[in-house]
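Undergrad: whatever this is, show me its structure:
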Amino acid sequence: MSTAKRYSNLDLVDRVDGFPNAATHPVAFAERTAEFARFTYLSHTIGYIIPRVRAALEDVALSGDWWEITPGAVSVKGGTVEERTANISETLKRWREAKRFDVLSGWRNEMYTIYAPQGKPCFHMERSATPLFGVLTYGSHMTVYVPASATRPLRIWVPRRAAGKSTYPSMLDNTVAGGMGDGQTPLGCIIKEAGEEASLEESYVSANVRSAGFVSYFYVREPDAGGESGLLQPEIEYVYDMAVGEPDGEGPVPVPCDGEVAEHMLLTVEEVKEQLARGRFKPNCAAVMLDFFIRHGILDAENEPDFVEIYTRLHRRMEFPTR
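TA: Residues are numbered from 1 along each chain as shown. A predicted model of the protein is given here:
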């Protein structure tokens, strides 16, 4: 008999939303964050800094004197967005050169915007460094599917990530997905990634994609994420659907383009459920797939005993300023 772990839908949510929610579990949240420093801007919390990162910031020779550090909080100096960005960038440059944190070996040369209240930029930060500061980041995910017909069930285009990727190699993904870099919009991100990852034409995607809200969660990074385990990664992922025709008819067929994807498979809902249960999906992509199931009536209160908890935790209210 196989002893491989089987994941329930709630297990999949626990995996991606593993940080206690201050609103619903205040005691667990207080216990978990007791040794953390709040990363602050003015009086607002914009992230959480774990002890080993705080220790690096306290080392002035390593990190510079651009940080205000008190017993419970850390903030970056600078009166403007540009000054704060420059100070953070210089610290990260030093950390990278010193090989202080493994996660920085995945340096992307891609800046993410971290927000102050009212959707105003606070500073910009190298993508690979964001989990070191526990700041909220954004992405866009699109599920491309072939609707059910009289002769065929609904099927979903599911990519397998390339084996050589530094994060989640060979795991299953959403049809198109990517992080939102500085200056990108959610839809612009999807259109760009659709071309790069799946060879889908911009004009087709623009005409057929449909916005479907977002999922939000607070991920505690696992080994497959690359770099140190236990780093904090709260995220909001804008969600899109795109219905297409049969691949043997007029429907476009996703084709790997940039080396990020090994193959695309057209799977039935039952096949996707089986791969979810085996833990084969990248954790946040499993969350997006569950959200797709809910929105399309595949997962509901009649067939899922944990439906309410799953639904609410896929749409977690964040305690940080948002865009």
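Undergrad: so where do the helices sit in the stretch 1-150 of the chain?
TA: 9-16, 26-33, 51-58, 60-63, 81-98, 130-133 (DSSP state H, counting those that start in this stretch).
Undergrad: buried ones in the longest one?
TA: Residues of helix 81-98 classed as buried: V81, R84, T85, A86, N87, I88, S89, T91, L92, R94, W95, R96 (neighbour count, 16 or more other Cβ atoms under 10 Å). (Each C-beta comes from the backbone N, C-alpha and C, glycine too.)
Undergrad: then the third one?
TA: By neighbour count, with 16+ other Cβ under 10 Å as the criterion, the buried positions of helix 51-58 are V53, R54, A56, L57.
Undergrad: then the first one?
TA: When neighbours are counted by 16+ other Cβ under 10 Å, the buried residues of helix 9-16 are found to be N9, L10, L12, V13, R15, V16.
Undergrad: and if you look at the fourth one?
TA: Neighbour-count burial for helix 60-63, counted by 16+ other Cβ under 10 Å, picks out S63.
Undergrad: helices or strands up against that helix?
TA: Identification of packing neighbours for helix 60-63 by 3 or more Cβ pairs under 8 Å, 6 or more residues apart in numbering; DSSP states H and E yields helix 51-58, helix 81-98.
Undergrad: can I get the buried residues of helix 81-98 in TSV including distance to T185 and pLDDT?
TA: Below are those laid out as TSV (distance: Cβ to Cβ, whole Å; pLDDT from 0 to 100):
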residue	distance to T185	pLDDT
V81	19	98
R84	23	98
T85	20	98
A86	25	98
N87	27	98
I88	24	98
S89	24	98
T91	29	98
L92	26	98
R94	33	98
W95	30	98
R96	29	98
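Undergrad: now, which of those residues sits nearest V27?
TA: Of all these, I88 has the smallest distance to V27: 32.8 Å, by Cβ to Cβ.
Undergrad: what is the burial count for the residue nearest to H296 when sequence neighbours are not counted?
TA: Leaving out its chain neighbours, the residue that sits closest to H296 by Cβ to Cβ, 6 or more residues apart in numbering is L154, at 7.4 Å. For L154, the count of nearby residues is 15 (other Cβ atoms under 10 Å).
Undergrad: same thing with S105?
TA: Count around S105 with other Cβ under 10 Å applied: 12.
Undergrad: how much space between it and T137?
TA: Applying Cβ to Cβ, to the nearest Å, the value for S105 to T137 is 19 Å.
Undergrad: just to revisit the earlier point, now the helices of the stretch 1-150 of the chain as a markdown table including distance to P147?
TA: A markdown table is the format used below for the helices of the stretch 1-150 of the chain (distance: least, Cβ to Cβ, whole Å):
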| stretch | distance to P147 |
| --- | --- |
| helix 9-16 | 23 |
| helix 26-33 | 42 |
| helix 51-58 | 46 |
| helix 60-63 | 53 |
| helix 81-98 | 45 |
| helix 130-133 | 37 |
